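> Output the structure for:
(one chain, ligands or ions: 1)
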Amino acid sequence: MVIAIDGPSGSGKSTVARRVAEKLGLRYLDTGAMYRAVTWWLLEQGVDLADRDRVAERTAQVPLVMGMDPKNPNVRVGEVDVTKVIRESRISTAVSAVATNLGVRAELVARQQEIARAGGVVIEGRDITTVVAPDAPVRVLLTASEQARLARRALELHGSDDAAAVEATRDQVVRRDADDSTVARFTEAADGVDVVDSSDLTLDETVDAVLAVVERRTGART
Ligand code: DC
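Here you go, the predicted structure:
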């Protein structure tokens, strides 16, 4: 079983994908964390992120290990546990430069496809339904209005969704999605992809909506 979930930042896809994996006894792969970990590693080594060839060449060597237990997903680069540090805003700000590098994408997509081939996994990102696992039996695009996404991220980053916090979050959410959408189409569903709009749903309701798609597409009882 492979479940592919795409969506923009703030759509809630990481939390939802984790919960779905936990519920169905599957592994969980956060592909955004892979782009973040590569970014961390390149910065650590002083690689100029604008040097596209060097960035792609170094990425082919990255000793990335993804811990895919949905209860405790973690990311290691060599011996270093980078699970926390890759969420820092210096990484969030830099990651688009790496994620828009086509050499990096080719390398990470190949690693993701190897994991998908082994099966038993919920994979979440921006190009999973279209590029990484277009043949997955369940493919979901998780969307939410810009308003809802900004409010969620503001709450996450600043502990508030008042006007000032939303404004402070806008660049991270809107600019990043605009940059990212130059290399992956994740704002409209490709053929055969089910859309779940979480704007007016709670987390539990969103998880249930995705589980309903799994039942409908596979006949499995969730
Ligand atoms: O979902 P996130 O914020 O952790 O993603 C980090 C970055 O990686 C973001 O710029 C989008 C990009 N990304 C991507 O291009 N393709 C994916 N499959 C996953 C993430």
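
> Bridge partners for the residue most central in space within the chain, pull those for me.
Averaging the C-alpha coordinates of the chain gives a centre point, and the residue nearest to it by C-alpha atoms, centre = their mean is residue 125 (3.1 Å). In this structure, residue 125 bridges to residue 6 when assessed by DSSP bridges.

> That one: what's it in contact with?
Residues counted as contacts of residue 125 (C-beta atoms under 8 Å, 6 or more residues apart in numbering) are 5-6, 30-32, 112, 132. Glycine gets a C-beta too; all of them are placed from N, C-alpha and C.

> With residue 46 as the reference, measure out to it.
Using C-beta to C-beta, to the nearest Å, one gets 27 Å for the distance from residue 125 to residue 46.

> how many neighbours does residue 143 have?
21 (other C-beta atoms under 10 Å).

> what's the answer for the one 5 residues further on, then?
When counting by other C-beta under 10 Å, one arrives at 19 neighbours for residue 148.

> and what of residue 49?
Counted by other C-beta under 10 Å, the residues lying close to residue 49 total 16.

> Ok, residue 180 next?
When neighbours are counted by other C-beta under 10 Å, residue 180 registers 21.

> Touching, it and residue 98? I think so.
No - applying C-beta atoms under 8 Å as the test, residue 180 and residue 98 come out as separate, 11.0 Å apart.

> where does the protein have low pLDDT?
Applying pLDDT under 70 to the chain flags the ranges 182-186.

> got the residues of it near the ligand?
Within the chain, the residues that sit near the ligand (C-beta under 6 Å from any ligand atom) are 9, 31-33, 35-36, 95-96, 99, 125-127, 176, 180, 184.

> Which strand or helix spans residue 139?
Assigned by DSSP states H and E, residue 139 falls within strand 138-143.

> Then residue 216?
Using DSSP H and E, residue 216 sits in helix 203-218.

> Grab the nearest non-local neighbour of residue 81.
Taking C-beta to C-beta, 6 or more residues apart in numbering, and ignoring the residues beside it in sequence, residue 81 has residue 74 as its nearest neighbour in space, at 6.2 Å.
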